[in-house]
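Enquirer: predicted model and sequence below, questions to follow.
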Amino acid sequence: DTAVSQTPKYLVTQMGNDKSIKCEQNLGHDTMYWYKQDSKKFLKIMFSYNNKELIINETVPNRFSPKSPDKAHLNLHINSLELGDSAVYFCASSQRRSGILNTGELFFGEGSRLTVL
Amino acid sequence: AQTVTQSQPEMSVQEAETVTLSCTYDTSESNYYLFWYKQPPSRQMILVIRQEAYKQQNATENRFSVNFQKAAKSFSLKISDSQLGDTAMYFCASSLTGGGNKLTFGTGTQLKVEL
């Protein structure tokens, strides 16, 4: 079983379109994240949810809207796609609640490569 | 705010040799975690090794070990007996303890293991 799974793995679309990426984790973690990896491989956090509550919202255009229906799912919707949105988007999860299960480690999905033409 | 710096964009090593990847970080916190993640061409982010800042002993995982110098804010990764499968981008990262797990990444070091 894949611990953190993202769909789709690849997405090619035209400028101006709206697209979504879905993420699910079966690790029982309480926190999920979206990271963006640009063409130079730099990874930067975008959002984080803890038990469906938004806890991290970095400087991201409001065309990006995350949604967490429950603590095992975190989706990313992008409106009016631009060329600069082309990147690999990684979903990740961790156990944030203090305790022995909180190792600080993030478990990543395989990434979703978005190409905007 | 935390920052992580990797000053070696690319490195290469011969198979079976040892290589050390450098990482420095900056934080005002006293409790934090440090990590090395590996990203092979498959794109998957894989945890290589993890260090808790309050532990003085350097972490080791089989052929991978770290040299953690807290005062110098340095966290280098040593790979012994390099294998072709070690070819990947390696990212150093830090996060705070106390329930917050936001990872701040360095810019990565592309390691190539050659025959």
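Expert: Now that the structure is in, tell me what you want to look at.

Enquirer: elements contacting the helix or strand A:P69 falls within?
Expert: Assigned by DSSP states H and E, A:P69 belongs to strand A:64-70. Counting contacts by 3 or more CB pairs under 8 Å, 6 or more residues apart in numbering or on different chains; DSSP states H and E, strand A:64-70 packs against strand A:43-50, strand A:73-78. Glycine gets a C-beta too; all of them are placed from N, C-alpha and C.

Enquirer: mind checking how far the most centrally placed residue in chain B is from A:N51?
Expert: Centroid-nearest residue in chain B, with CA atoms, centre = their mean: B:W36, separated by 3.0 Å. Using CB to CB, to the nearest Å, B:W36 is found at 29 Å from A:N51.

Enquirer: which residues touch the helix or strand of chain A with the lowest mean pLDDT?
Expert: Least confident helix or strand, chain A: strand A:53-57 with a mean of 86, by mean pLDDT, DSSP states H and E. Residues from elsewhere that reach strand A:53-57 (CB atoms under 8 Å, 6 or more residues apart in numbering or on different chains): A:31, A:33, A:45, A:47-49, A:66, A:68, B:102.

Enquirer: now with 10 Å?
Expert: Residues from elsewhere that reach strand A:53-57, judged by CB atoms under 10 Å, 6 or more residues apart in numbering or on different chains: A:31, A:33-34, A:45-50, A:64, A:66-68, A:71, A:96, B:100-102.

Enquirer: weakest of the helices and strands packed on strand A:64-70 by average pLDDT?
Expert: Among the helices and strands packed on strand A:64-70, strand A:43-50 has the lowest mean pLDDT, at a mean of 92.

Enquirer: quick one, which of the contacts of strand A:53-57 are buried?
Expert: Neighbour counting by 16 or more other CB atoms under 10 Å in any protein chain shown classes A:31, A:33-34, A:45-50, A:64, A:66, A:68, A:71, A:96, B:100-102 among these as buried.

Enquirer: coming back round to it: got the buried residues for the least confident helix or strand of chain A?
Expert: A:I56.

Enquirer: mind listing what it pairs with, with the direction of each?
Expert: If you go by DSSP bridges, strand A:53-57 pairs up with strand A:43-50 (antiparallel).

Enquirer: so the spatially most central residue of chain A versus chain B, what's the distance?
Expert: With distances taken as CA atoms, centre = their mean, the residue of chain A nearest its centroid is A:W34 (2.6 Å). Distance of A:W34 to chain B, given as CB to the nearest CB, to the nearest Å: 12 Å.

Enquirer: and the host helix or strand of that residue, which strands flank it?
Expert: With elements taken from DSSP H and E, the one containing A:W34 is strand A:31-37. Using DSSP bridges, strand A:31-37 pairs in its sheet with strand A:43-50 (antiparallel), strand A:87-94 (antiparallel).

Enquirer: before I go, just wanted to say thanks for your time.
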